[in-house]
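Student: Give me the fold of what follows.
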Amino acid sequence: MTPTADLPDTPQPRSGPLAIAPYVGGKASVGGVNRVVKLSSNENPYGASPAATDAFRAAGDTLALYPDGGAAALREAIGEAEGLDPARIVCGAGSDEILSLLCLAYAGPGDTVMHSAHGFLMYRLSALAAGAEPISIPETDLTADIDAMIAAADARTKIVFLANPNNPTGTMIPERDIRRLRHGLPPHTLLVLDAAYAEYVEDPDYDAGARLVAEREDTVMTRTFSKIHGLAALRLGWAYGPAPVIDVLNRVRGPFNVSAPALAAGTQAIADDAFIARARDGNARERARVAEVLEEMGFPVVPSHGNFVLAHFGEDGPRAAAEADAFLQKRGVLIRRMEGYGLPAYLRISIGTPEENGLLLAALRDFVA
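Tutor: Predicted coordinates for the structure are as follows:
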């Protein structure tokens, strides 16, 4: 083939992926420290359901076989636990995969994907990877501004992502405002309710989104097994949506996108009500204790509905937050800096076990002293 003068001489990616700064997870280790208390990734400090762990181990006997591409048993278990139609559920390699597939299927060059200013970073990255333009909408008091989102939506807006509760702020939008958002968006816009932390919410005005999804053809709810179910290592998530959207997701996902061990563990985890209750209750008690002590130390905490708190480090916040993080690392306590979310004066602290939280608070007392 004859070279063409105006074509590059090497393969070139689209511009969207080049605009992505790779996602950086919470720090997991620090040199020179014997014991590490990891409070940086919003993981379940109580581990996973023993039944899920047993199912994972048993799956080791069938590693030579492909998994069930339709995740039938897991979808049935989710439907039983959540009171949903399994036919309207799709499973993925973490809810992150489902967010990416939604962008791939519903947005592209010339389209916009909307999210709140301090929403989950994967919304922006997934939009860019699909060639769409991510649009960040300013928040009010670190909470998604529903009216601003409605006002910003236009003919180019193909997806609106809303984390509820939100990570990293922990703030929550009541169901009535979610419905107001949906009714205010254009009918061609897909509303995606990311309810990764739904199981931790105690507010009676909250709904993860299933009721709204059941009523409409333009709304999707995503969930994860990485938080309260303690299966972060297996990368397992799911979505509940209108039949046409689920059909599209099944067309664009990989034929065996969820591993057999993940399917087996998830099927047991979703049914272990006792474990879920223990994890939820333990988180609620410790979240309240950690927030109270942080406030007493002079670090205001954003009211949280997740398994973490976001603490502000004062007038000189960015410097103080960096210094606190460095101090805690030397003590083997790992938390999450928030520069990537545009919140340099804050630190996000996952809620650990009572012992882990005690070590965190003792280290912070020494930092203040």
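Student: Could you count how many residues lie near Leu294?
Tutor: Residues near Leu294, counting by other Cβ atoms under 10 Å, number 20. For every residue, glycine as well, the C-beta is placed using N, CA and C.
Student: quick one: it and Leu310 touch, right?
Tutor: No: Leu294 lies out of contact with Leu310 (Cβ atoms under 8 Å); the separation is 10.1 Å.
Student: anything in contact with each of the two?
Tutor: Residues touching both Leu294 and Leu310 by Cβ atoms under 8 Å, 6 or more residues apart in numbering: 301, 349.
Student: now the strands for the stretch 51-200 of the chain?
Tutor: 89-92, 112-116, 133-137, 157-163, 190-194 (DSSP state E, counting those that start in this stretch).
Student: Now tabulate those in a markdown table and tack on distance to Thr143 and mean pLDDT.
Tutor: Listed next are the strands of the stretch 51-200 of the chain as a markdown table, based on distance: least, Cβ to Cβ, whole Å; pLDDT from 0 to 100:
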| stretch | distance to Thr143 | mean pLDDT |
| --- | --- | --- |
| strand 89-92 | 28 | 98 |
| strand 112-116 | 8 | 98 |
| strand 133-137 | 12 | 97 |
| strand 157-163 | 11 | 98 |
| strand 190-194 | 15 | 98 |
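Student: could you redo those as CSV and give each row distance to Asp281 and mean neighbour count?
Tutor: Output for the strands of the stretch 51-200 of the chain, formatted as CSV (distance: least, Cβ to Cβ, whole Å; neighbours: other Cβ atoms under 10 Å):
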stretch, distance to Asp281, mean neighbour count
strand 89-92, 27, 25
strand 112-116, 29, 26
strand 133-137, 35, 19
strand 157-163, 23, 25
strand 190-194, 24, 26
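Student: where along this structure do the helices fall?
Tutor: All helices of the chain, identified by DSSP state H, fall at 15-18, 50-58, 72-82, 94-106, 121-129, 146-152, 175-184, 210-215, 243-252, 260-269, 273-297, 317-330, 354-368.
Student: If I follow the layout properly, Tyr341 ends up in contact with Pro168?
Tutor: Yes: using Cβ under 8 Å, Tyr341 is in contact with Pro168, at 5.6 Å.
Student: Tell me the bridge partners for the nearest residue to Ala148 once chain neighbours are set aside.
Tutor: Nearest residue to Ala148, sequence neighbours excluded (Cβ to Cβ, 6 or more residues apart in numbering): Ile137, at 5.1 Å. Beta bridges link Ile137 to Ser116, judged by DSSP bridges.
Student: How about the contacts made by Ile137?
Tutor: Applying Cβ under 8 Å, 6+ apart to Ile137 gives the contacts 114-117, 144-145, 148-149, 152.
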